[in-house]
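fold the following and give me the result.
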Amino acid sequence: MRAVMRKEKKFLCDIASARQLQGLLGAVLQPDPHNGPCGYPVRSLYFDTLHDRDFNERLDGVDPRRKVRLRVYDPLSDSCMLELKQKQVDNQVKRSLPLTRDEGRALIRGDYGVLLAHPEPFAAEMHALMSINGYRPVAVVEYDRLAFIARENKIRITFDANMRATEAGFDIFDANLAQYPVFDPFNLVLEVKYNGFLLSYIRELLNTIDKSEIAVSKYLLARGVSCNYQF
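Sure thing, here's the model as predicted:
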C-alpha cells in the first residue's frame, strides 16, 4: 500500500500557454519517465454509493470528502491500482493498493471479497468501506497526461488534455471502450502538487502564463456536470 499526502492546485490554461510552460518546465524539471510525445494515458473507473454520496458531497462542496477509483495506465496491463483519495481544503491524501487484472475485474463485478486476500490493513479498510456503503461502478474517465517532477517537496506538475468519459461501460481493460469528450478541446487542466510549499523558481515559471484557478472534478465531468468548470 502506498500513501501520498500533499497540496494540490488546479488551473485552466489554453493549449498555447500550456505548450509554452511545458518548454520552460522541461528545461529545469525531470520529465515523468512514462511521458511519450503526447504524455501517457490515464484511465480511471469511479465507484460511488447507491445514493451517490460522494458525487453529491463533491457537488455541494462538502469538506472533507472522498473518491474511490480503480486506475490503469494501459488497458492491456496485467495490473491496476485501487485508490482512495481524501481531500480537506487544499490538502489531500491518496492511498493506493496494487491489484491484478483479475482482481480489478472482480471489483468491477462487485466482488469485493478479493480484497480480503491481501494482508495490508488498507485492503481490509477498502473492503469494509465498499461493501457496507454499497459502492458500485458509475463512470470511467480517461485523459492524456504530460508530467514533470522535482524531487524537492515532491513537486509534480501535470497537464491533462483530451478528457473523455462514459457511464455506459465500466471495463477499463477494454482497449476499445467507447467514450465521448467531456472537456473543451482547446484548454488543458494544469495541476500543481507539492508537499509543504512550492519552490519560488517553479512559482515564477507558473506565473509566466495566463491561467485561471479552478476546482474542476473529472468525476463530475463524467457524470455530466459542467457549470463552466466551477464546482
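
lowest average confidence, helix or strand, in this protein?
Within the chain, no helix or strand scores below strand 2-14, which has a mean of 83 by mean pLDDT, DSSP states H and E.

following that one, which helix or strand comes up?
Once strand 2-14 ends, the next helix or strand along the chain (criterion: DSSP states H and E) is helix 15-28.

so which elements touch that next one?
Helices and strands touching helix 15-28, by 3 or more C-beta pairs under 8 Å, 6 or more residues apart in numbering; DSSP states H and E, are strand 136-150, strand 155-166, strand 187-194, helix 200-206. Every residue, glycine included, has its C-beta placed from N, CA and C.

list the helices and strands the very next helix or strand once past the second one packs on?
This means strand 155-166. Per DSSP H and E, the first helix or strand lying C-terminal to strand 155-166 is strand 180-181. Packed against strand 180-181, as judged by 3+ C-beta pairs under 8 Å, 6+ apart, are the following elements: strand 155-166.

who does the strand it packs on pair up with?
strand 136-150 (antiparallel), strand 180-181 (antiparallel), strand 187-194 (antiparallel) (DSSP bridges).

adding mean pLDDT, write the helices and strands packed on helix 15-28 out as TSV.
Output for the helices and strands packed on helix 15-28, formatted as TSV (pLDDT from 0 to 100):
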stretch	mean pLDDT
strand 136-150	97
strand 155-166	96
strand 187-194	95
helix 200-206	95
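
need these in CSV (columns: mean neighbour count and distance to Ala222).
Shown next, in CSV, are the helices and strands packed on helix 15-28 (neighbours: other C-beta atoms under 10 Å; distance: least, C-beta to C-beta, whole Å):
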stretch, mean neighbour count, distance to Ala222
strand 136-150, 21, 4
strand 155-166, 20, 4
strand 187-194, 21, 14
helix 200-206, 14, 27
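
shaky segments in this protein?
Across the chain, the ranges flagged by pLDDT under 70 are 1-5, 90, 226-231.

let's see that with 50 instead.
When residues are selected by pLDDT under 50, those of the chain lie in 227-231.
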